[in-house]
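> Give the three-dimensional model of this entry:
(one chain, ligands or ions: 1)
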Amino acid sequence: SVQGDVNGNLDPEETYRWEEGDKVDPAEQSLLQKLLRRVVVNCNDQVEVLQSDPTSPLSSVKSFEELRLKPELLKGVYTMGFNRPSRIQETALPMLLAHPPQNLIAQSQSGTGKTAAFSLAMLSHVDPNNKWTQCLCVAPTYELALQIGQVIEQMGQFCLDVKVAYAIRGNRVERGVKLQEQIVIGTPGTLLDWCTKHKVIDLKKISMFVLDEADVMIATQGFRDQSIRIQRALSKDCQMLLFSATFEESLWEFAERVIPEPNIIRLRREEETLDNIKQFYVSCKNKEDKLEALYNLYGTLTVAQAIVFCHTRATAAWLSSVLKQEGHQVALLSGELTVEQRAAVIERFRTGKEKVLVTTNVCSRGIDVEQVSLVVNFDLPVNMEGKADHDTYLHRIGRSGRFGKRGFAVNMVDSRLAVGILHQIEQHFHRKILELNTTNVGEME
Ligand code: ADP
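Below is the predicted model of the structure:
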């Protein structure tokens, strides 16, 4: 990783070198989102539906009663505080509960209610009198499998005869002794072992198969093939379901391979834009100069909350400690922290315990910046080739248009390289980035 001198000073070229350890881990990001999310994301996003049989009527529901759930399951849903189906659940739940069973590919951003939807479907689907595994759910990590299990166990708290097992590392089973739990959640490798090597689950008896976080799954070496191997061994009339937060080409190819004749539901997320954002840059000579500029911003602005992005952990750690020494309340969010620690830092910032959050690239996604009025790029975002990283720039400072409050972005520019990156960003977004100096700093108020 990048080393600075005793003062943390870096060669400007070094400032933009990619740090291996700061690669974003999609599974960790996803877990972070789950830890932070306590309410469903309320959105009016457009629901797109593609039915495998376009002649069958498309139903959607506005209430849980319409679903005619077992009373003990409905009680569980209400006990969780769910009053009505979320946007994606309105359309997904009738499909998930349909007779004859329908296959489904569903995509919507994190926090929109996908896990709750298939948990409800599994609980509704199982026959508690049958003491064998009927529903299988594949998740990309140990922690995510446990998160799903928590939802099922909470929602199913009144379904007394329904049991859940976890096919995750560390959990042992006795070879050849079939599990009695109706629902099994696990990671692909362990689950495959349990089915094929230890033979504790009969894949032919599985009637509902769920692949959760499919986008994270295919990003993990080996999981794609293991999932396909499990799916191949299922009976033809098993209901197959796939969920994903994103929908890229590679995911689509995978989804079509594992889900035959799917219905498809997508919640199109409103694109982030820079429309409501005033963008500035400050010319600096070096890092101390950048710090000076940051102090000036502090003084001029009555900032609600601000996020300061640095390229490396070293810079972020240095900056936050200097700001703290100056008596500012600052939070540091860095890649070294565990996911739980990161969630705690973000939570403190969200609730206003700290006004300023200093962070690196790792954390730029997953933080909801709607409440943040000022974003400072202490270092500009670059990709592994050292070019401007436009996506990250947009994620850091962009807002979704409809709810978009006004915001400010200030880019610190301290080298020829940085100037070049700034120009790339200007050209890419067709937006002028104005120089911020003592004459126009008032514009920001
Ligand atoms: P996703 O799987 O899309 O990330 P989740 O199913 O985890 O979304 O739901 C996100 C949050 O919203 C969770 O805290 C969950 O308990 C809550 N939630 C889900 N569905 C509803 C609903 N219909 N009403 C209220 N809260 C809900």
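> What is the end-to-end distance of stretch 304-322?
Start-to-end span of stretch 304-322 (CA to CA, to the nearest Å) is 21 Å.
> Mind listing what's buried along it?
Within stretch 304-322, the residues that qualify as buried by neighbour count (16 or more other CB atoms under 10 Å) are 305-320, 322. Yep, even glycine has a C-beta here, placed from its N, CA and C like the rest.
> Likewise for stretch 132-139?
Buried residues in stretch 132-139, defined by neighbour count with 16+ other CB under 10 Å: 133, 134, 135, 136, 137, 138, 139.
> residue ranges for the helices of the stretch 1-150 of the chain, please.
Listed from the start of the chain, the stretch 1-150 of the chain has helices (DSSP state H, counting those that start in this stretch) covering 12-15, 26-36, 71-79, 87-96, 114-125, 142-155.
> Check those for me: which has the lowest mean pLDDT.
Per-segment confidence across those bottoms out at helix 12-15, which has a mean of 54 in mean pLDDT.
> how far does stretch 148-155 sit from the chain's center?
How far stretch 148-155 lies from its chain's middle: 19 Å, per CA atoms, centre = their mean, to the nearest Å.
> near the ligand at all, it?
No - applying CB under 6 Å from any ligand atom, one finds stretch 148-155 out of contact with the ligand, separated by at least 6.8 Å.
> residues of that stretch that come out buried?
For stretch 148-155, the buried set under the neighbour-count rule, 16+ other CB under 10 Å, comprises 148, 149, 151, 152, 153, 155.
> So which of the buried residues of stretch 304-322 are in strands?
When DSSP state E is applied, those are split such that 306, 307, 308, 309 fall in strands.
> can you tell me which two in those residues are farthest apart?
Put simply, by CB to CB the two of these set farthest apart are 306 and 309, 10.4 Å from each other.
> overlap in contacts of these two?
The contact sets of residue 306 and residue 309 overlap at 375, 376 (CB atoms under 8 Å, 6 or more residues apart in numbering).
> Residue 407: what's it in contact with?
For residue 407, the contacting residues are 276, 277, 278, 369, 372, 373, 374, 375, 397, 399, taking CB under 8 Å, 6+ apart as the criterion.
> least confident pick among those?
Looking at those, model confidence by pLDDT dips furthest at residue 369: 58.
> Out of the ones in strands among the buried residues of stretch 304-322, which is nearest to residue 77?
Here the nearest of those to residue 77, counting by CB to CB, is residue 307; it sits at 36.3 Å.
> On the pLDDT front, check the spatially closest residue to residue 265 that is not a sequence neighbour for me.
Leaving aside its chain neighbours, residue 265 sits nearest to residue 106 (4.6 Å; criterion: CB to CB, 6 or more residues apart in numbering). Residue 106 is assigned 97 on the pLDDT scale.
> Assign the closest residue to the ligand within the stretch 251-400 of the chain to helix, strand or coil.
Closest contact between the stretch 251-400 of the chain and the ligand, by CB to the nearest ligand atom, is at residue 267 (9.3 Å). Counting by DSSP: H, G, I helix; E, B strand; the rest coil, the backbone at residue 267 sits in strand.
> what about it, neighbour count?
Look at residue 267: counted by other CB atoms under 10 Å, it has 23 neighbours.
> Apart from its chain neighbours, what residue comes closest to it?
Leaving aside its sequence neighbours, residue 267 is closest to residue 108 (3.5 Å, by CB to CB, 6+ apart).
> I figured residue 149 hits residue 166, correct?
Yes - look at residue 149 against residue 166 with CB atoms under 8 Å: they come within range, at 6.0 Å.
> Give me the common contacts of those two.
The contact sets of residue 149 and residue 166 overlap at residue 185 (CB under 8 Å, 6+ apart).
> contacting residues around residue 222?
Residue 222 makes contact with 188, 189 under the criterion CB under 8 Å, 6+ apart.
> how near is it to residue 192?
In this view, residue 222 and residue 192 are 10 Å apart by CB to CB, to the nearest Å.
> and if you look at residue 358?
Here the criterion is CB to CB. By it, residue 358 lies 42 Å from residue 192.
> for residue 69, same thing?
Remark: distance between residue 69 and residue 192 (CB to CB) = 32 Å.
> higher neighbour count, those two?
Set residue 69 next to residue 192 and count neighbours by other CB under 10 Å: residue 192 wins out with 21 against 18.
> list the contacts for the more buried one?
Taking CB under 8 Å, 6+ apart as the criterion, residue 192 is in contact with 226, 229, 230.
> shouldn't the last one be in contact with residue 191?
Yes - here residue 230 lies in contact with residue 191, judged by CB under 8 Å, at a distance of 6.3 Å.
> Please identify the buried residues of stretch 232-249?
Going by 16+ other CB under 10 Å, stretch 232-249 has these buried residues: 234, 238, 239, 240, 241, 242, 243, 244, 245, 246, 247.
> hang on, the last one in a helix?
No - note on residue 247: no helix contains this position according to three-state DSSP, which reports coil.
> excluding its backbone neighbours, what's nearest it?
residue 107 (4.5 Å).
> Tell me, what's the model's pLDDT at the closest residue to residue 51 other than its chain neighbours?
Computed as CB to CB, 6+ apart, the closest residue to residue 51 that is not its neighbour in sequence is residue 263, at 5.3 Å. pLDDT for residue 263: 96.
> For residue 263, give me its contacts.
Each residue near residue 263 by CB under 8 Å, 6+ apart is listed here: 49, 50, 51, 52, 95, 102, 103, 104, 105.
> and of the residues you listed, the nearest to residue 200?
Closest approach between these and residue 200, by CB to CB: residue 103, at 25.8 Å.
> So what's the residue count around that closest one?
Around residue 103 there are 19 residues (other CB under 10 Å).
> is it true that it touches residue 259?
Yes - shown here, residue 103 and residue 259 form a contact pair, counting by CB under 8 Å, at 5.1 Å.
> Can you pull the residues that touch both of these two?
The contact sets of residue 103 and residue 259 overlap at 240, 241 (CB under 8 Å, 6+ apart).
> And residue 191, how far from residue 103?
When CB to CB is the yardstick, residue 191 and residue 103 sit 20 Å from each other.
> In the chain, where is pLDDT below threshold?
Under the criterion of pLDDT under 70, the regions of the chain flagged as low confidence span 1-24, 38-39, 42-44, 299-303, 362-371, 400-404, 438-445.
> and it, which of its residues are near the ligand?
Looking at the ligand, the residues of the chain close enough under CB under 6 Å from any ligand atom are 37-40, 82, 85-86, 89, 110-116.
> of those, buried ones?
Burial by neighbour count, judged by 16+ other CB under 10 Å, picks out 40, 82, 85, 86, 89, 110, 111, 112, 113, 114, 115, 116 from the residues of the chain next to the ligand.
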